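> Task: produce atomic coordinates for the following.
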Amino acid sequence: MLTKVYGSAVFGVEATTITVEVNSVKGIGYHLVGLPDKAISESSYRIAAALSNVGYKLPGKKITINMAPADLRKEGSAYDLTLAIGILISSGQIKADEVDQYLIMGELSLDGSLQPIKGALPIAIKAREEKYKGFILPAQNAREAAIVDGLEVYGVDNISQVIDFFNEGKPLEPTIVDTRDEFFQALEHPEFDFADVKGQESIKRCMEIAAAGGHNIILIGPPGAGKTMLAKRLPSILPPMTLHEALETTKIHSVAGRTQEKVGLMAQRPFRSPHHTISDVALVGGGAYPQPGEISLSHNGVLFLDELPEFKRTVLEVMRQPLEDREVTISRAKFTVTYPSSFMLVASMNPSPGGYFNDPDAPVQSSPAEMQRYLSKISGPLLDRIDIHIEVTPVPFEKLTEERQAEKSAEIRKRVTAARDVQTVRFRESEKTHYNAQMSVKDIRKYCVLDEGSKELLKNAMERLNLSARAYDRILKVSRTIADLEGAPDITGTHIAEAIQYRSLDRDGWLG
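Modelled structure (predicted):
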């Protein structure tokens, strides 16, 4: 008897429906075809044990299973439940007249219970697109899939529940999530808050500007100055994610298997902080069957690279194209996947191997040659993509012991959001540009027009401070953001003067 059951495969962040065809005839044998990987090929052992433990059996017949389209590589253990239900129907052990109306996915344990799968959200989106009535999957993934409206999502704990649902008509409890209500409730509870930071007012101002314009930023300072503490609080002042951004971000984390069981939709912007021993594949994504890397997991959020010069040069260089294009394409012989990677880069570094710079009282001294070798690990092209460089100095004792509470992240975020709203209106006709950091040269010439006084100020600064040519456009972009924060239609000398302060690494004596 031939039976068709439906599952799904995830490539990149999109799902493709897989038809599992099961044919049982007289004879002996178990044949699984359709380019399954090792995990799927081993599924017969898990299925046999699971069926035995819930009162059924793997039939003593010749079973042929085809996973169509047969030329598409399938991977992972998430097809166990799909295959098991197909075998039971094909061998006549259960009846399931409506099985073709459901997508079925899940990994089986030997006792028949179900383990979570990856990619539940993109699969649910595909199921709705293709007009399936429902999606049956492990209970751990149910809230994630239930984000998708217009689709009945059934989270189950054991294969016996699925068998009873089809064979005896026992109802399953659908998982219902009020996506919008859950999303907006989670927006106002950031884990870290700028109110906890003592002193560092100038750095907070700099972070506010970076958040308002989406600018990449690098913090340079000695150990203990507060670089990491400040970076961790940056997501709390970024504008709240839109529902579209939240879905996009959740989809990527779903594919990587990083979503939390009790959280359906990600409402907080992601903050990723990989260790400096990370490989280039782990950072940008890849592998034999490409998975999203750290830059994609930080999509619509922040990627924090602590101790930037300690990262391998090759790792830093692979970020150059994703920083520019806001997506990363991974090509293999038989297929290509593209992952979005629109993130804010926040980096921190010590000014020298010893951690201190031009400080006669420093406990560790570094020679000029050591400093130059240390700083030269950051290439000019990568630095060119970082708009703001700021020096972080240690907080004095008086500030640390001050009882007055600093400004809360919620207040800063109101100003940042207002500035982003201005940019949304400004770039409403553009498909690729959404905020100031993404401006092209053409956009800069159009939206960053300077009066004569501002031009003269910028010219003098570039000559006296030995600023490089690459600093010019960056200063204009940051100036535009500062003006937006003030609600000013035009860039003035004051805005230019402040932006010039944020190009430390372009000055003579740093990177040459």
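> who touches the longest helix along the chain?
Secondary structure of the chain per DSSP state H: the longest helix is helix 409-426. By CB atoms under 8 Å, 6 or more residues apart in numbering, the list of residues contacting helix 409-426 from outside reads 188, 190, 192-195, 204, 208, 211-213, 233, 236-240, 434-436, 447, 481, 484-485, 487. Where you see a C-beta, it was placed from the backbone N, CA and C, and this is true even at glycine.
> Select only the buried ones of the residues you listed in ChimeraX?
Command for ChimeraX that selects the buried part of those, burial taken from 16 or more other CB atoms under 10 Å:
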select :190,192,193,194,195,204,208,211,212,213,233,236,237,238,239,240,434,435,436,447,481,484,485
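> got a list of what residue 452 touches?
Taking CB under 8 Å, 6+ apart as the test, residue 452 contacts no residue whatsoever.
> ok so, going back, tell me the first helix or strand C-terminal of the longest helix of the chain.
For helix 409-426, the following helix or strand on the C-terminal side (DSSP states H and E) is helix 441-447.
> Now do the closest residue to residue 5 other than its chain neighbours against residue 159, distance only.
Excluding the flanking residues, the one nearest residue 5 by CB to CB, 6 or more residues apart in numbering is residue 86, at 4.1 Å. Residue 86 is 12 Å from residue 159, where distance means CB to CB, to the nearest Å.
> Tell me if residue 136 really is in a helix.
No. Secondary structure assignment (DSSP: H, G, I helix; E, B strand; the rest coil) places residue 136 in strand, not in a helix.
> Tell me if I'm right that it and residue 102 touch.
Yes. The pair residue 136 and residue 102 passes the contact test of CB atoms under 8 Å, sitting 5.5 Å apart.
> So which of these two has more stuff around it?
For residue 136 and residue 102, the more surrounded residue by other CB atoms under 10 Å is residue 136, and the numbers stand at 26 against 21.
> quick one, what contacts that one?
By CB under 8 Å, 6+ apart, the neighbours of residue 136 are 81, 102, 103, 104, 105, 106, 154, 156, 162, 165, 172.
> Which ones among the residues you listed lie within strands?
Among the contacts of residue 136, DSSP state E puts 102, 103, 104, 154, 156 in strands.
> Which parts of the stretch 351-500 of the chain are strands?
Taking DSSP state E, counting those that start in this stretch to define them, one finds strands in the stretch 351-500 of the chain at 388-391.
> List the residue ranges of it that fall below the pLDDT cut-off.
Applying pLDDT under 70 to the stretch 351-500 of the chain flags the ranges 354-366, 397-401, 403, 469-470.
> hang on, isn't residue 25 packed against residue 61?
Yes. Taking CB under 8 Å as the definition, residue 25 is a contact partner of residue 61 at 6.4 Å.
> So which of those two has more stuff around it?
Neighbours per residue, other CB under 10 Å: of residue 25 and residue 61, the larger number sits with residue 61, 19 against 12.
> burial of the nearest residue to the more buried one once chain neighbours are set aside, as a residue count?
Distance criterion CB to CB, 6+ apart; nearest residue to residue 61, sequence neighbours excluded, is residue 24 at 4.7 Å. When neighbours are defined as other CB under 10 Å, residue 24 has 21 of them.
> picking that back up, which residues sit in contact with the residue nearest to residue 5?
So residue 86 contacts 3, 4, 5, 20, 21, 22, 65 (CB under 8 Å, 6+ apart).
> And the last one, how far from residue 271?
From residue 65 over to residue 271 the distance is 43 Å, taken as CB to CB.
> Could you do residue 68 as well?
Separation of residue 68 from residue 271 (CB to CB): 41 Å.
> Compare those two and say which is more crowded by neighbours.
Comparing residue 68 with residue 271 by other CB under 10 Å, the one with more neighbours is residue 271, at 23 against 14.
> ok, the more buried one touching residue 235?
Yes. Residue 271 is within contact range of residue 235, at 5.0 Å (criterion: CB under 8 Å).
> How is the chain divided into domains?
2-167, 185-357+366-396 (automatic domain parsing).
> could these go into CSV alongside distance to residue 419?
Output for the domains of the chain, formatted as CSV (distance: least, CB to CB, whole Å):
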stretch, distance to residue 419
domain 2-167, 30
domain 185-357+366-396, 4
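> Of all these, which one is nearest residue 462?
For the domains of the chain, the distance to residue 462 is smallest for domain 185-357+366-396, at 15.0 Å, taking CB to CB.
> and residue 76, how many neighbours?
19.
> can you tell me the helix or strand for the closest residue to it other than its chain neighbours?
Distance criterion CB to CB, 6+ apart; nearest residue to residue 76, sequence neighbours excluded, is residue 39 at 5.6 Å. Secondary structure from DSSP H and E places residue 39 in helix 38-41.
> Helix or strand next in line after that helix, which one?
Later in the chain than helix 38-41, the nearest helix or strand by DSSP H and E is helix 43-53.
> On the pLDDT front, check the residue nearest to the spatial centre of the chain for me.
Centroid-nearest residue in the chain, with CA atoms, centre = their mean: residue 297, separated by 2.3 Å. With respect to pLDDT, residue 297 scores 95.
> What sits closest to it if chain neighbours are left out?
Sequence neighbours aside, residue 272 is the residue nearest to residue 297 in space, at 5.4 Å (criterion: CB to CB, 6+ apart).
> One more: residue 71?
residue 35 is the one closest to residue 71 (CB to CB, 6+ apart), at 6.8 Å.
> count of neighbours near the one you found?
14.
> contacting residues around it?
Contacts for residue 35 (CB under 8 Å, 6+ apart) come out as 67, 70, 71, 72, 73, 74.
> and of those residues, the nearest to residue 129?
Once CB to CB is applied, the member of the contacts of residue 35 that ends up nearest residue 129 is residue 72, at 17.9 Å.
> element containing the closest one, please.
Counting by DSSP H and E, residue 72 is part of no helix or strand.
> would you put the C-alpha positions of stretch 50-70 in PDB?
C-alpha atoms of stretch 50-70 as PDB (Å, rounded to 0.1, in the frame of the first residue of the first chain):
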ATOM      1  CA  ALA A  50       9.500   3.800  19.600                       C
ATOM      2  CA  LEU A  51       6.700   1.900  17.900                       C
ATOM      3  CA  SER A  52       7.400  -1.200  20.000                       C
ATOM      4  CA  ASN A  53       7.200   0.800  23.200                       C
ATOM      5  CA  VAL A  54       3.800   2.300  22.300                       C
ATOM      6  CA  GLY A  55       2.200  -0.900  21.200                       C
ATOM      7  CA  TYR A  56       2.900  -1.100  17.500                       C
ATOM      8  CA  LYS A  57       5.600  -2.600  15.400                       C
ATOM      9  CA  LEU A  58       7.800  -2.200  12.400                       C
ATOM     10  CA  PRO A  59       6.000  -4.500   9.900                       C
ATOM     11  CA  GLY A  60       7.700  -7.600   8.500                       C
ATOM     12  CA  LYS A  61       7.300  -6.400   4.900                       C
ATOM     13  CA  LYS A  62       9.400  -4.900   2.200                       C
ATOM     14  CA  ILE A  63       9.200  -1.200   2.900                       C
ATOM     15  CA  THR A  64      10.400   1.300   0.400                       C
ATOM     16  CA  ILE A  65      10.500   5.000   1.400                       C
ATOM     17  CA  ASN A  66      11.300   7.800  -1.000                       C
ATOM     18  CA  MET A  67      11.800  11.400   0.200                       C
ATOM     19  CA  ALA A  68      10.900  13.600  -2.700                       C
ATOM     20  CA  PRO A  69      12.200  15.700  -4.400                       C
ATOM     21  CA  ALA A  70      14.800  12.900  -4.600                       C
END
